[in-house]
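# After the sequence you'll find the predicted model.
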Amino acid sequence: MSLGSKLKESIVGSCETCNRTGWSEDGTPCSCLIKFRAFNRLTKGGFTLKTLELITCSEYEIPEIDEGGAFVDYFADNPLEVEERGLSLYIHSKGRGRGKTTLAQCLVYKAAWQFSHKEMYSTHRDYAFINIEDLIKKSRKGDESAWKSTWLVIDDLGNEDRSASWKKAAVVAILQQVMHYRRDRDLPTIITSNYAPNNLSAIYSGEIDSLLEIGPDGKISGMVIREVEVGGGEDFRQIEELSAWPF
Ligand SMILES: [Zn+2]
């Protein structure tokens, strides 16, 4: 059985609402079928089933957002406008495990879910989830499908191997290629990172500033990219607790 059929069996095959048919009595797709379509598209593009299951369970809540919450809401609620304008997000937090990657996948899932309804459905729309090192590897093999996809998540930027200057240069080069391509075509991109924009800028000696629309003040507020900071408050409390300073 193919992965798609297995997925369909587990999602549609367990739905009581439509009696496992995928269709409502009025001839419209049941919500299980729409969920399956979104899951199927996303897993083909590198999104993980585990994360998709997590963000679609009833207990999932989007992480605490310290900055840029309005951009997250706009992304979640207006995928068609996001796509038409090629709006993009840079989601960062000071530490690991604060839900950036999950949030990025959640936003794209919300888009894919809405696009899985008949009136918005298009076979031309695709999704990719990838880190920059894999993007470089694929690109070297001539596979540009990931970075040319309609929706792209570049996960964990800044965590790549930068030990040699040529490795850094390769990252800058692929980012240039990818971001120019996507900006020219108004394609939405979500980047996640453990680095605040000013820190990532310093790592790459300012070479990626214009690509990621990082301003002279170290903040992102450009034509299409907006900055989102996740759960910084938690870090702050932790720092206060661990601090040796009495004030
Ligand atoms: Zn159903």
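Received the coordinates, thanks. Note that the coordinates shown come from a computational prediction; the quantities given were computed from them, not determined experimentally.
# make it CA atoms for all contacts and neighbour counts henceforth
Fine.
# hey, where'd the strands end up in the chain?
65-67, 88-92, 127-131, 151-157, 189-193, 225-230 (DSSP state E).
# in terms of contact, does Arg162 touch Ala170 like I think?
No. Using Cα atoms under 8 Å, Arg162 is not in contact with Ala170, being 9.5 Å away.
# residues contacting the closest residue to Ser116 other than its chain neighbours?
Nearest residue to Ser116, sequence neighbours excluded (Cα to Cα, 6 or more residues apart in numbering): Ile34, at 5.5 Å. By Cα atoms under 8 Å, 6 or more residues apart in numbering, the contact set of Ile34 is 113, 116-117.
# where's Ser205 relative to Arg37, distance?
Ser205 sits at a distance of 42 Å from Arg37 (criterion: Cα to Cα, to the nearest Å).
# what does Val72 give?
23 Å.
# try Cys106
The gap separating Cys106 from Arg37 is 15 Å, by Cα to Cα.
# what does Lys94 give?
On the measure of Cα to Cα, Lys94 and Arg37 end up 35 Å apart.
# Around the ion, which positions in this protein sit nearby?
Residues of the chain lying close to the ion by Cα under 5 Å from the ion are 15, 18, 22, 30, 32.
# could you redo these as CSV and give each row pLDDT?
Supplementary listing: the residues of the chain next to the ion in CSV, determined by pLDDT from 0 to 100:
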residue, pLDDT
Cys15, 96
Cys18, 96
Gly22, 95
Cys30, 95
Cys32, 96
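# Show me where the chain has its helices.
Listed in chain order, the helices of the chain (DSSP state H) span 3-11, 31-44, 49-56, 69-77, 79-85, 100-115, 132-140, 165-184, 197-203, 232-242.
# Next, the residues that contact the first one from outside, please.
Just to be clear, that refers to helix 3-11. Contacts with helix 3-11, where a contact means Cα under 8 Å, 6+ apart, come from 32-33, 35-36, 40.
# Relative to the ion, which of those residues is nearest.
Cys32 (4.3 Å; Cα to the ion).
# For that closest one, give me its contacts.
By Cα under 8 Å, 6+ apart, the residues touching Cys32 are 11-12, 15, 22.
# start to end distance for stretch 210-226?
End to end - Cα to Cα - stretch 210-226 spans 13 Å.
# Report the buried residues of that stretch.
Of the residues in stretch 210-226, 211-214, 218, 220, 224-226 count as buried by neighbour count, 16 or more other Cα atoms under 10 Å.
# returning to that earlier point: with mean pLDDT as added columns, please give the strands of the chain in CSV.
Listed next are the strands of the chain as CSV, based on pLDDT from 0 to 100:
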stretch, mean pLDDT
strand 65-67, 93
strand 88-92, 97
strand 127-131, 97
strand 151-157, 97
strand 189-193, 97
strand 225-230, 96
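# Enumerate every residue touching Asn40.
4, 7.
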